[in-house]
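In: this one's sequence-less:
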């Protein structure tokens with residue numbers, strides 16, 4: 001349904017850049033590095049809530065091939081249910097269920113739900129009515145989760161499946177973090193696992209955010225529905241399996257950024273930091289996640305969600321948006337390197353125009369800053385020559401396993417040519 005897709009924030013790029021290639025090729029689409037679009041809190045577009053989170057990574061060059069090279073020690077299997085007392089002398093084998101992956105298939109979800117007689121589960125709707133406040137619903141959700149654990153529930157299933165014109169889905173990352181931290185505060189977190197039936201999950205980053213915020217498993221039901229719709233005349237079951245496998249590979253790469261080997265270590269690790277979440281929403285719902293800047297609060301988020309709902313049920317809407325995150329679109333996301341900038345660069349090259357700022361649009365954090373100095377401007381004759389300045393520069397050390405030999409050679413030759421120092425990171429440099 002088009003309306004449901006818009007309510008959940010699905011875009012054409014989500015389908016064409018993620019869901020389709022991952023379902024077809026069992027891997028993420030390849031792309032070049034770099035992002036010239038504004039951060040979520042600087043954007044004028046309706047961005048995914050997951051875009052407000054960035055992954056921590058170790059300050060070393062852990063290559064993305066680590067999960068392949070070290071697959072014997074990396075694992076995605078997870079145990080659901082209450083955690084046994086580590087100091088206990090006896091074990092209860094009915095306390096946990098082993099799953100091979102935190103990304104659940106439809107069959108695995110049905111199987112977990114069928115165990116309700118001896119492995120209790122509780123579904124909690126993560127939606128709120130349009131004419132009410134999301135905060136009151138969030139407060140009810142956390143109290144309901146505690147009550148469920150007190151009643152012996154082993155699986156709390158947070159779901160946003162049922163949405164319509166009057167029911168607005170709450171971002172799953174917000175609910176997951178709230179429930180996790182509240183149960184920790186109540187000292188009952190180890191008695192239950194959290195499963196997210198999330199309609200706003202599309203890519204591996206979304207999965208990583210939910211897992212790091214405390215989820216044990218994720219079921220991306222909206223993505224699965226889209227796959228079934230796209231490949232209805234094809235073998236959509238195998239396409240769904242391909243998509244899941246691509247998410248798992250991406251998740252392993254994300255884990256390897258921190259040198260983590262098992263999903264059990266990543267779950268609840270809080271290895272994220274937020275950019276663009278305000279102080280109040282951060283302190284209340286993400287107390288373990290550092291927020292480096294100010295940004296949107298829960299009131300702003302409510303306005304975004306309500307506006308998305310209005311747009312979904314507008315008679316003028318005939319298709320989902322083309323966000324334009326990956327390539328420039330006139331009506332899409334703003335890009336720092338847009339056609340106007342390229343034309344300006346070409347004009348300068350041909351000496352047709354004088355130097356002037358092309359745009360005052362805010363794209364990067366540096367655009368919020370300005371130079372302020374009380375020192376006198378240095379005269380040009382007092383400034384050192386570039387050759388002397390370059391002697392103080394050196395290239396960053398990059399492990400040989402992270403880039404090719406040719407790249408090492410080119411870096412070394414380039415820095416030597418300008419009089420700077422090169423640093424191979426390990427092993428020294430060959431004489432040639």
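Out: Structure's in. What do you need? Just so you know, these numbers come straight off a predicted model, no measurement behind them.
In: how deep is residue 284 tucked in, by neighbour count?
Out: Counted with other Cβ atoms under 10 Å, the neighbours of residue 284 add up to 16. The way it works is simple: take the backbone N, C-alpha and C, and place the C-beta from them, glycine included.
In: List the contacts of it.
Out: Neighbour list for residue 284: residue 298 [criterion: Cβ atoms under 8 Å, 6 or more residues apart in numbering].
In: how about the nearest residue to residue 415, chain neighbours excluded?
Out: Among residues not flanking residue 415 along the chain, residue 422 sits closest, at 4.0 Å (Cβ to Cβ, 6 or more residues apart in numbering).
In: Which pLDDT value goes with residue 64?
Out: With respect to pLDDT, residue 64 scores 55.
In: can you check residue 61 too?
Out: pLDDT, residue 61: 54.
In: Could you do residue 399 as well?
Out: pLDDT, read off for residue 399, is 68.
In: Kindly report the same for residue 143.
Out: Per-residue confidence (pLDDT) for residue 143: 96.
In: and if you look at the one 3 residues further on?
Out: Confidence per residue is given as pLDDT, and for residue 146 that number is 96.
In: these two touch, right, it and residue 185?
Out: No - counting by Cβ atoms under 8 Å, residue 185 is not a contact partner of residue 146; they are 9.6 Å apart.
In: Next, residue 250: secondary structure please.
Out: Assigned with DSSP: H, G, I helix; E, B strand; the rest coil, residue 250 falls in the helix class.
In: and residue 157, that one's in a helix?
Out: No - per three-state DSSP, residue 157 lies outside any helix segment and is strand.
In: distance of it from residue 116?
Out: 11 Å (Cβ to Cβ, to the nearest Å).
In: what helix or strand does the residue most central in space within the chain sit in?
Out: Residue closest to the mean C-alpha point of the chain, counted by Cα atoms, centre = their mean, is residue 205 at 3.4 Å. Using DSSP states H and E, residue 205 sits within helix 204-212.
In: gap between whichever helix or strand comes after that helix and the chain center?
Out: Downstream of helix 204-212, the next assigned helix or strand under DSSP H and E is strand 217-219. The chain centre lies 15 Å from the centre of strand 217-219; the measure is Cα atoms, centre = their mean, to the nearest Å.
In: Which neighbouring elements make contact with the next helix or strand after strand 217-219?
Out: Downstream of strand 217-219, the first helix or strand assigned by DSSP H and E is helix 221-230. Other elements packing on helix 221-230 under the criterion 3 or more Cβ pairs under 8 Å, 6 or more residues apart in numbering; DSSP states H and E are helix 2-7, helix 20-25, helix 236-256.
In: Return the distance of helix 221-230 from the chain's centre.
Out: Counting by Cα atoms, centre = their mean, helix 221-230 comes out at 20 Å from the chain centroid.
In: Measure how that helix sits relative to helix 204-212, angle-wise.
Out: 150 degrees (axes from the mean of the first three to the mean of the last three Cα atoms, to 10 degrees).
In: Now do helix 221-230 against strand 155-159, angle only.
Out: 60 degrees.
In: how close does the residue in the chain sticking out farthest from the centre sit to residue 126?
Out: Residue farthest from the centre of the chain, counting by Cα atoms, centre = their mean, is residue 381 at 49.4 Å. Residue 381 sits 66 Å away from residue 126, going by Cβ to Cβ.
In: what do you get for residue 147?
Out: Separation of residue 147 from residue 126 (Cβ to Cβ): 16 Å.
In: cool, and residue 244?
Out: For residue 244, the distance to residue 126 equals 22 Å [Cβ to Cβ].
In: Settle it for me: which of residue 147 and residue 126 has more neighbours?
Out: More crowded of residue 147 and residue 126, by other Cβ under 10 Å: residue 126, with 29 against 11.
In: follow-up on the earlier one: would you turn the helices and strands packed on helix 221-230 into TSV with mean pLDDT and mean neighbour count?
Out: Putting the helices and strands packed on helix 221-230 into TSV (pLDDT from 0 to 100; neighbours: other Cβ atoms under 10 Å) gives the following:
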stretch	mean pLDDT	mean neighbour count
helix 2-7	90	19
helix 20-25	94	20
helix 236-256	93	20
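In: Now tabulate these in TSV and tack on distance to residue 213.
Out: Output for the helices and strands packed on helix 221-230, formatted as TSV (distance: least, Cβ to Cβ, whole Å):
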stretch	distance to residue 213
helix 2-7	22
helix 20-25	23
helix 236-256	14
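In: could you point out where the stretch 301-432 of the chain is predicted with low confidence?
Out: Scanning the stretch 301-432 of the chain for pLDDT under 70 picks out 349, 351-359, 399-402, 424-432.
In: where along it do the helices fall?
Out: Using DSSP state H, counting those that start in this stretch, the helices of the stretch 301-432 of the chain run over 339-349, 386-390, 405-417.
In: distance between the longest one and the chain's centre?
Out: A distance of 34 Å separates the C-alpha centroid of helix 405-417 from that of its chain, computed with Cα atoms, centre = their mean.
In: if we can go back for a sec, have a look at residue 157 and residue 116 and say which one is more surrounded.
Out: residue 157 (22 against 13).
In: Please list all residues in contact with residue 236.
Out: With contact set as Cβ under 8 Å, 6+ apart, residue 236 has these partners: 227, 228, 230.
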